[in-house]
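Visitor: generate a structure from the sequence data that follows.
(chains A and B)
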Number of protein chains: 2
Amino acid sequence: MSSSSAAPWKQLILTSIEANSHLKHYSYFQLATVSSNNLPSNRTVVFRGFENDGDKILINTDTRSRKINDLKHWPFAEICWYFTESWEQFRISGVVDVIDGTNPDPLKLEKREKSWFASSLKSRMQYVAPSPGLPAIATQQPSLSPPLDPSIGPVDAFCLLLLDPDQVDYLNLKTNERLTFTSGAGIQGQKLWTSERVNP
Amino acid sequence: MSSSSAAPWKQLILTSIEANSHLKHYSYFQLATVSSNNLPSNRTVVFRGFENDGDKILINTDTRSRKINDLKHWPFAEICWYFTESWEQFRISGVVDVIDGTNPDPLKLEKREKSWFASSLKSRMQYVAPSPGLPAIATQQPSLSPPLDPSIGPVDAFCLLLLDPDQVDYLNLKTNERLTFTSGAGIQGQKLWTSERVNP
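Guide: Numbering: from 1, shown residues only, chains lettered A, B, ... in the order given. Have a look, this model is predicted:
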């Protein structure tokens, strides 16, 4: 077992991203949450990077999607990220901060705005489309959505999720190696990671 | 909205499997459960087919893995199956029947045995390997595992999961179409599926 204050699994992920980046779906992973009626919920979302130099994971989503209710009720999530080229799986569990336009923290609103402008115009268009999951009305064509001014900031439906990992399980199906990374508090209260090799 | 007693989403899945079957990972999906401390849990598992002519989904797993505890405590799961070639996502939620060697039902034990013999010898070897998730002992090399007689039936660690879907959410990212399928009881108590087109 070894310990470190820098997230030791982050370099593993960056290496996997590099090895799989020629595939369109390399940045897609599955996010599991628990709904308010205690049922597991699971959907594909897009990795939007790590926050600044840290290890928090950025995800964009729609305030009108069900995962927002799930996370406001119970903020825990587990990502399962399988890299199809390198045969590696990362399971990343942690607490999720839901940052929508009503957030009282100006620094968080700034992060949300940054993530909005980092998205493509096509991605932003999703947030002015009809409510996801509601019955589709035949006459409502996506092409009829209003055009979106590229210079305007995030619309109400745009929401940033910030997942703060506290446990990471890494599995390599090519080498048959598995490592678990667990965070704890160091003597000065700082986050400290320990890792251990476990059976696959 | 339309209704049917045959599972109308099954043909969609079979078509997706066909379109993606040239990819090794086409049969991998993510299974979310809720742990006994109420945390979401998410991992990649392998699709082992539908049970006979029905719509229950077969998954093989190890009785020593944590998902068994999750499911014995709370049998609900949601599969998220993303097909990377055809850009389709299926979210399949339902109740999971955990069938290990201690199951009192002879018919279920038969299903477990059938799934064991349908697995490759390499797959079966996992179940005689050291306990998954436990600290790895450096001297324990996989090559030192005892050989497995191909004619013997399932070992204790082998467990069949049978997921009985009650809701399916289908999303096609190429056509931007989304359909939800919900099961209910018909007049004679039979399972009846309704489907609805919803906003993506």
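Visitor: surely A:T180 is in contact with A:P200?
Guide: No - using C-beta atoms under 8 Å, A:T180 is not in contact with A:P200; the gap is 11.3 Å. The C-beta positions use only the backbone N, C-alpha and C, and glycine is treated the same way.
Visitor: list the buried residues for stretch A:49-62?
Guide: Residues of stretch A:49-62 classed as buried: A:51, A:55-62 (neighbour count, 16 or more other C-beta atoms under 10 Å in any protein chain shown).
Visitor: secondary structure element holding the nearest residue to A:K191 once chain neighbours are set aside?
Guide: Leaving aside its chain neighbours, A:K191 sits nearest to A:S183 (5.2 Å; criterion: C-beta to C-beta, 6 or more residues apart in numbering or on different chains). Assigned by DSSP states H and E, A:S183 belongs to strand A:177-185.
Visitor: run through who's touching whichever helix or strand comes after that strand.
Guide: Remark: after strand A:177-185, the chain's next helix or strand is strand A:191-198, criterion DSSP H and E. Contact with strand A:191-198 is made by A:1-9, A:177-186, B:132-136, as judged by C-beta atoms under 8 Å, 6 or more residues apart in numbering or on different chains.
Visitor: give me the buried subset of these.
Guide: Buried by 16+ other C-beta under 10 Å: A:7-9, A:178-181, A:183, B:132-133, B:136, out of the contacts of strand A:191-198.
Visitor: which SS class is the residue positioned nearest the centre of chain A?
Guide: Nearest residue to the geometric centre of chain A (C-alpha atoms, centre = their mean): A:I59, 3.8 Å. Secondary structure assignment for A:I59 (DSSP: H, G, I helix; E, B strand; the rest coil): strand.
Visitor: gap between the residue nearest to A:K191 and chain B?
Guide: 15 Å (C-beta to the nearest C-beta, to the nearest Å).
Visitor: any idea of the angle the lengthiest strand in chain A forms with strand A:191-198?
Guide: Looking across chain A with DSSP state E, the single longest strand is strand A:158-172. Our comparison of strand A:158-172 with strand A:191-198, counting by axes from the mean of the first three to the mean of the last three C-alpha atoms, to 10 degrees, yields an angle of 40 degrees.
Visitor: picking up where we left off before, A:D97: which of the buried ones among the contacts of strand A:191-198 is nearest?
Guide: A:D97 lies nearest to A:S183 out of these, by C-beta to C-beta, at 16.1 Å.
Visitor: and that closest one, what are its bridge partners?
Guide: A:S183 forms beta bridges with A:W193, as assigned by DSSP bridges.
Visitor: show me the helices in chain A, by range?
Guide: For chain A, the helices defined by DSSP state H occupy A:10-20, A:66-73, A:106-118, A:121-125.
Visitor: most tightly packed of those?
Guide: Most buried of the helices of chain A, by mean neighbour count (mean count of other C-beta atoms under 10 Å in any protein chain shown): helix A:66-73, with a mean of 18.
Visitor: and it, what does it pack against?
Guide: Applying 3 or more C-beta pairs under 8 Å, 6 or more residues apart in numbering or on different chains; DSSP states H and E, one finds that helix A:66-73 makes contact with strand A:28-34, strand A:40-46, strand A:57-62, strand A:88-99.
Visitor: show me what the longest one pairs with in its sheet, parallel or antiparallel.
Guide: The reference is to strand A:88-99. Strand A:88-99 has the following sheet partners, assigned by DSSP bridges: strand A:76-83 (antiparallel), strand A:158-172 (antiparallel).
Visitor: just put those in CSV and tack on distance to B:V45.
Guide: Shown next, in CSV, are the strands paired with strand A:88-99 (distance: least, C-beta to C-beta, whole Å):
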stretch, distance to B:V45
strand A:76-83, 10
strand A:158-172, 12
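Visitor: compare the ones you listed and give me the one nearest A:W116.
Guide: A:W116 lies closest, by C-beta to C-beta, to one member of those: strand A:158-172, at 5.7 Å.
Visitor: quick check: angle from that closest one to helix A:106-118?
Guide: Using the same axes, to 10 degrees: strand A:158-172 against helix A:106-118 is 80 degrees.
Visitor: identify each buried residue in strand A:158-172, please.
Guide: So, applying 16+ other C-beta under 10 Å, buried residues of strand A:158-172: A:158-172.
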